[in-house]
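[1] can you look at this prediction? I've put the sequence above it.
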There are 2 protein chains.
Amino acid sequence: MGRPAPRSGRRPATILDVARRASVSPATVSRVLNRRPHVRPEVRAAVERAVAALGFRPNPVARSLVGGGSRTLGLIVADITNPFYAETAKAIVETARGRGYMVVLCNTDNLPRLQAEQIRMLREQRVEGIILGSVHRRDPAAEELVASRFPCVMYNRRLASQAGTFVVLDNVRGAEEVTRHFIELAHRRIAFLAGPPSFSTAAERLTGYRRALAHAGIPFDRRLVRQGQFKAELAYQAARELLQQRPRPTAIVAGNDLTALAVLDAAAHLGVRVPEDVGVSGFDDIELAGSERIQLTTVGQQKAEMGRLAVNYLLELVEARDGLRRDPIHHVLPPTLVVRRSCGAMAGARVRRAATL
Amino acid sequence: MGRPAPRSGRRPATILDVARRASVSPATVSRVLNRRPHVRPEVRAAVERAVAALGFRPNPVARSLVGGGSRTLGLIVADITNPFYAETAKAIVETARGRGYMVVLCNTDNLPRLQAEQIRMLREQRVEGIILGSVHRRDPAAEELVASRFPCVMYNRRLASQAGTFVVLDNVRGAEEVTRHFIELAHRRIAFLAGPPSFSTAAERLTGYRRALAHAGIPFDRRLVRQGQFKAELAYQAARELLQQRPRPTAIVAGNDLTALAVLDAAAHLGVRVPEDVGVSGFDDIELAGSERIQLTTVGQQKAEMGRLAVNYLLELVEARDGLRRDPIHHVLPPTLVVRRSCGAMAGARVRRAATL
DNA sequence: CTGAAAGCGCTTACAG
DNA sequence: CTGAAAGCGCTTACAG
């Protein structure tokens, strides 16, 4: 009588099965499973034997219901087909797996409404923390998330308020360095293909560009700044306009590699040679930037490292059992100027060297 | 006395709160929530009012524990930084969201051990179904998953046994068409940069290549086939070897776009002109294949459609309440030959046209 | 049509 | 050190 005998079939073992086999209570099994102290070694061993014999694996859903943690994180990016996000996402997923967490992927296309909805869904699904790859500078949903003290970290972009933990590139310096690089190559009419000013990345890169001009005493000319929106199609149009200006800019600093590629396309279609007629630079150093046909000068960032840091900071928050939650961390990574052919420095070097001989 | 009054604070409303406010039982609330019949309209309305007033959202974890479904799917790909996977993943995530499901992303780097581990973890997390983007032709973990009748669908690649539901490209035809295209351009020494033969995609593309040669009466020459492993670095080496053969192949059919780009690089480094000295083609039609600097002739596949189909077939399985589970579906999508500059057809056409005048 | 009760598989105080 | 009991928030037979 009483409960039916356990079906010998496919039903996965539960903690009760383990308890019975080891002749202990489920509470004790739970203690062993969670490596808690206060269990006699021989009891612990018996439980472990039972676990092994039954091939028992705790049901994460039950654990999560009772507050034990779902071992799942959320990752929200703007566009997973953007190589920058794909590369960081890969590092994030792999780092999380190494720590025993899975990650739910969400794609927002930069739509605030979608991002707010995804944050809500992720919290309902009881993910233990959220990584935000594409917050806006003002971003009510993200700000509320941070304020609620729910474990989260931003990467790539940050809030204007500087609230919360984030790991970002030093975008100001990156843009400043690449712009100065063109200045050192004797450029004066340097255009800037900007990203949407609602993103910290775009705003900071524009700042860096202006700063480099200012340092060199080159007046800022707003006609040389065009919106590329970080998107290939829009950037293509903007690049055409820039390239048709007279006098034509002698260099174009693009907001990211995707838009820099659009500049290359626009130049090709207009018969403008790169780098002879116009120098071009990007931002991100995606894998294709180094290919022989592209050879894009760009600002590199440590994408895998950024992803790893984001996960590690997040898990610190997740695992900090409430009390000892420390101050938000602002981790700013250094940029690397990657000089390839598209800026003209290579050719120039060769020419100069030849002249010296 | 009895249970403490609900803390007015942040505790999210539960089904019990709703039941109390609507003066019904939790069972009735559950019925309304799940749109089950047999609820008087006025009761239903009262419950709905209570739900709205409390901002109640059912806890998916509890639902999932009791067998109600976690509303989560798993997606396992070989490499999310490969644009093919990024593009299909995007469609998958968005289609799933439209149907109210989230998706857990896993990356295997094509390691069978990792894939087996991820499948296990996903099942433990109680995802309701799994999409496999990178099965091997023999793949014990995937075969077992299919055999267990757990809802799953493969895309891109399939099992040699043809077991399970899948949506794939007609790879044989794709490779056959692009090879024939070169033959029609009068090529005879056509090399093939293969993928790992343990993948159906690679095996089928090789078959298509051989079939086109056979149809044209061109003898198969195994020295013209090299392993590119679908990876840029390995393909680069293999491409160098091919390009240094004497006589040099006049065309190279690459197993995918990533390896075709490696061929372009190798050619550039060796001073071999594309398409004048060697024609090149890829497979996948990733976004960059169309850029002005690349202009890669390739075999296009409907990536977004493939992702959408995978989700829809999977949800059919998930939602087919056991009984009416129908036969596995084998959906084979047609390839599209995308002719750009790298094959030489453009230049050739122009030349021929000029000659005619 | 509706409710009381049991149960999903764990964990966490509370006793001892 | 260990166990009995309650509970996490739902859903599902079973009664009525």
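    Alright, I've got the coordinates.

[2] now the helices for the stretch 251-357 of chain A?
    All helices of the stretch 251-357 of chain A, identified by DSSP state H, counting those that start in this stretch, fall at A:257-270, A:303-319, A:345-356.

[3] what's the most buried one of those helices?
    By mean neighbour count, with neighbours taken as mean count of other C-beta atoms under 10 Å in any protein chain shown, helix A:257-270 ranks first of the helices of the stretch 251-357 of chain A at a mean of 24. For glycine as for every other residue, the C-beta is placed from the backbone atoms N, C-alpha and C.

[4] circling back to that earlier point, I'd like to know which of the helices of the stretch 251-357 of chain A is closest to B:G74.
    In terms of C-beta to C-beta, the element of the helices of the stretch 251-357 of chain A nearest to B:G74 is helix A:303-319, at 19.2 Å.

[5] thinking again about what came up before, got the helices of the stretch 251-357 of chain A as TSV, with distance to DNA strand D columns?
    Listed next are the helices of the stretch 251-357 of chain A as TSV, based on distance: least, C-beta to the nearest atom of the strand, whole Å:
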stretch	distance to DNA strand D
helix A:257-270	42
helix A:303-319	19
helix A:345-356	61
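
[6] output stretch A:199-208 as PDB, restricted to C-alpha atoms.
    Below are the C-alpha coordinates for stretch A:199-208, written out as PDB (Å, rounded to 0.1, in the frame of the first residue of the first chain):
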ATOM      1  CA  PHE A 199      25.200  55.100 -26.800                       C
ATOM      2  CA  SER A 200      28.100  55.800 -24.500                       C
ATOM      3  CA  THR A 201      30.400  54.100 -27.100                       C
ATOM      4  CA  ALA A 202      29.400  56.500 -29.800                       C
ATOM      5  CA  ALA A 203      29.500  59.600 -27.600                       C
ATOM      6  CA  GLU A 204      32.900  58.700 -26.200                       C
ATOM      7  CA  ARG A 205      34.400  58.000 -29.600                       C
ATOM      8  CA  LEU A 206      33.200  61.300 -30.800                       C
ATOM      9  CA  THR A 207      34.700  63.000 -27.800                       C
ATOM     10  CA  GLY A 208      38.100  61.300 -28.500                       C
END
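
[7] looking at the helices of the stretch 251-357 of chain A, which is nearest to DNA strand C?
    Nearest to DNA strand C among the helices of the stretch 251-357 of chain A is helix A:303-319 (12.7 Å), distances taken as C-beta to the nearest atom of the strand.

[8] run the contact check for that closest one versus chain B.
    No: counting by C-beta under 8 Å from any C-beta of the partner chain, chain B is not contacted by helix A:303-319; separation bottoms out at 9.6 Å.

[9] list the helices and strands that helix packs on?
    The contact analysis (3 or more C-beta pairs under 8 Å, 6 or more residues apart in numbering or on different chains; DSSP states H and E) places helix A:303-319 against strand A:72-77, helix A:83-98, strand A:129-132, strand A:152-155, strand A:165-169, strand A:330-333.

[10] could you name the helices and strands sitting against the fifth one?
    So that's strand A:165-169. Helices and strands touching strand A:165-169, by 3+ C-beta pairs under 8 Å, 6+ apart, are strand A:152-155, helix A:200-216, helix A:303-319, strand A:330-333.

[11] near DNA strand C at all, the third one?
    The one in question is helix A:303-319. No: judged by C-beta under 7 Å from any atom of the strand, helix A:303-319 and DNA strand C are separated, with a smallest distance of 12.7 Å.

[12] who touches stretch A:140-157?
    Here stretch A:140-157 makes contact (C-beta atoms under 8 Å, 6 or more residues apart in numbering or on different chains) with A:84, A:88, A:112, A:115-116, A:119, A:123, A:128-137, A:159, A:161, A:163-169, A:199-201, A:306-307, A:309-310, A:313-314, A:317-318, A:325.

[13] quick check: residues of the stretch 1-150 of chain A near chain B?
    Near chain B, when you scan the stretch 1-150 of chain A using C-beta under 8 Å from any C-beta, you find A:57, A:59-62, A:64-65, A:70-72, A:75, A:79-81, A:83, A:86-87, A:89-90, A:93-94, A:97, A:102-107, A:118, A:121-122, A:124-126.

[14] domain ranges for chain A, per the record?
    A:15-58, A:72-167+A:303-332, A:171-297+A:339-356 (automatic domain parsing).

[15] the shortest one vs DNA strand D: in contact?
    Yes: Domain A:15-58 lies within reach of DNA strand D by C-beta under 7 Å from any atom of the strand, at A:23-28, A:31, A:37-40, A:43-44.

[16] out of the helices and strands packed on helix A:303-319, which one sits most buried?
    Of all the helices and strands packed on helix A:303-319, strand A:152-155 carries the top mean neighbour count, a mean of 28, counting by mean count of other C-beta under 10 Å.

[17] paired strands for that one, with orientation please.
    According to DSSP bridges, strand A:152-155 forms sheet pairs with strand A:129-132 (parallel), strand A:165-169 (parallel).

[18] which stretch among those comes nearest DNA strand C?
    Nearest to DNA strand C, of all these, is strand A:129-132, at 17.2 Å by C-beta to the nearest atom of the strand.

[19] so what touches the closest one?
    Residues contacting strand A:129-132 (C-beta under 8 Å, 6+ apart): A:73-76, A:92, A:103, A:115, A:119, A:122-123, A:142, A:145, A:150-155, A:310-311, A:314-315, A:317-318.

[20] which residues does A:T165 contact?
    The contact partners of A:T165, taken as C-beta under 8 Å, 6+ apart, are A:C152, A:V153, A:M154, A:Y313, A:L314, A:L317, A:P328, A:I329, A:H330.

[21] and the residues of domain A:15-58 next to DNA strand D, which two are the farthest apart?
    Spanning the widest gap among the residues of domain A:15-58 next to DNA strand D are A:S23 and A:P37, at 21.1 Å by C-beta to C-beta.

[22] please say which of those two ends up with more neighbours.
    Between A:S23 and A:P37, counted using other C-beta atoms under 10 Å in any protein chain shown, the more crowded position is A:S23 (11 against 5).

[23] please verify my assumption that the more buried one contacts A:A46.
    Yes: if you go by C-beta atoms under 8 Å, A:S23 and A:A46 touch, sitting 7.4 Å apart.

[24] how many neighbours does A:G68 have?
    For A:G68, the number of neighbouring residues by other C-beta under 10 Å comes to 13.
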